[in-house]
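In: Fold the following.
(chains A and B)
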Amino acid sequence: AQKITQTQPGMFVQEKEAVTLDCTYDTSDQSYGLFWYKQPSSGEMIFLIYQGSYDEQNATEGRYSLNFQKARKSANLVISASQLGDSAMYFCAMREDPNTGNQFYFGTGTSLTVIP
Amino acid sequence: EADIYQTPRYLVIGTGKKITLECSQTMGHDKMYWYQQDPGMELHLIHYSYGVNSTEKGDLSSESTVSRIRTEHFPLTLESARPSHTSQYLCASSGLAGVDTQYFGPGTRLTVL
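Out: Below is the predicted model of the structure:
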């Protein structure tokens, strides 16, 4: 079974609009971490935002926020006021309980295109 | 900002050559990782290390090998490059207890002719 599922291969958004990128995860651990990364066409992976499984509030970092719904096992990324530079691949990732293992699991990614 | 470096950034090489992709980090992180990624596709873990003299194979079968003699250095070696090795190779490190965010290097784009 997939640990991380991103069901949107490609998304388009108008500049200055908000966009939500979906991510669902599968784990039986109580302690885990959820991450979002951005990968521009240049290829580097840029860390955007982190949410811990015990964090009660949704994480925010500037224009990025993580809509964490623990019961539904979803960790959607919300980008507000989209900019042309936001066009990139976005990967959702999960780290399970470090006491039981330390691998990261990545989703297949969502390609976001911001339209002027 | 993460301090993790990879060289070379781009490499074009002929079949059968031995190559080493370099990865270094200055953050003192214990854990380091190598991923293989085809353009626009998901990442596949090929090797990881939890510390000096510790290396493990990842989920994706790979003909490469790694070593971890120093904390900051985690090179990946292909003994005999083949066209099927053409891909992007990303190195990452992590080490902050609890959060354990992985920080990535800029990647090496390898083309084997």
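In: Let me see the contact set for residue B:61.
Out: If you count contacts by CB atoms under 8 Å, 6 or more residues apart in numbering or on different chains, residue B:61 has none. All C-beta spots, glycine's among them, are computed from the backbone N, C-alpha and C.
In: actually residue B:8, sorry about that
Out: B:21-22, B:108.
In: same check, this time on residue A:66
Out: A:34, A:36, A:49, A:51, A:58-60, A:75-78.
In: do the same with residue A:17
Out: Counting by CB under 8 Å, 6+ apart, residue A:17 has contacts A:81-82.
In: so how far is residue A:78 from it?
Out: 11 Å (CB to CB, to the nearest Å).
In: ok so, going back, narrow the contacts of residue A:66 to those in strands?
Out: Per DSSP state E, strands hold the following members of the contacts of residue A:66: A:34, A:36, A:49, A:51, A:60, A:75-78.
In: buried subset of the contacts of residue A:66?
Out: A:34, A:36, A:49, A:51, A:59, A:75-78 (16 or more other CB atoms under 10 Å in any protein chain shown).
In: Make CSV out of these and add distance to residue B:66 and pLDDT.
Out: CSV is the format used below for the buried ones among the contacts of residue A:66 (distance: CB to CB, whole Å; pLDDT from 0 to 100):
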residue, distance to residue B:66, pLDDT
A:34, 27, 95
A:36, 27, 98
A:49, 29, 97
A:51, 30, 96
A:59, 32, 96
A:75, 31, 98
A:76, 35, 98
A:77, 32, 98
A:78, 37, 98
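In: Let's have those in JSON lines, adding distance to chain B.
Out: Formatted as JSON lines, these follow (distance: CB to the nearest CB, whole Å):
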{"residue": "A:34", "distance to chain B": "11"}
{"residue": "A:36", "distance to chain B": "11"}
{"residue": "A:49", "distance to chain B": "10"}
{"residue": "A:51", "distance to chain B": "10"}
{"residue": "A:59", "distance to chain B": "11"}
{"residue": "A:75", "distance to chain B": "15"}
{"residue": "A:76", "distance to chain B": "18"}
{"residue": "A:77", "distance to chain B": "15"}
{"residue": "A:78", "distance to chain B": "20"}
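In: Most widely separated two among those residues?
Out: A:34 and A:78 (13.6 Å; CB to CB).
In: which one of the contacts of residue A:66 sits closest to residue A:111?
Out: So of the contacts of residue A:66, ranked by how close each gets to residue A:111 (CB to CB), first place is residue A:77, at 13.5 Å.
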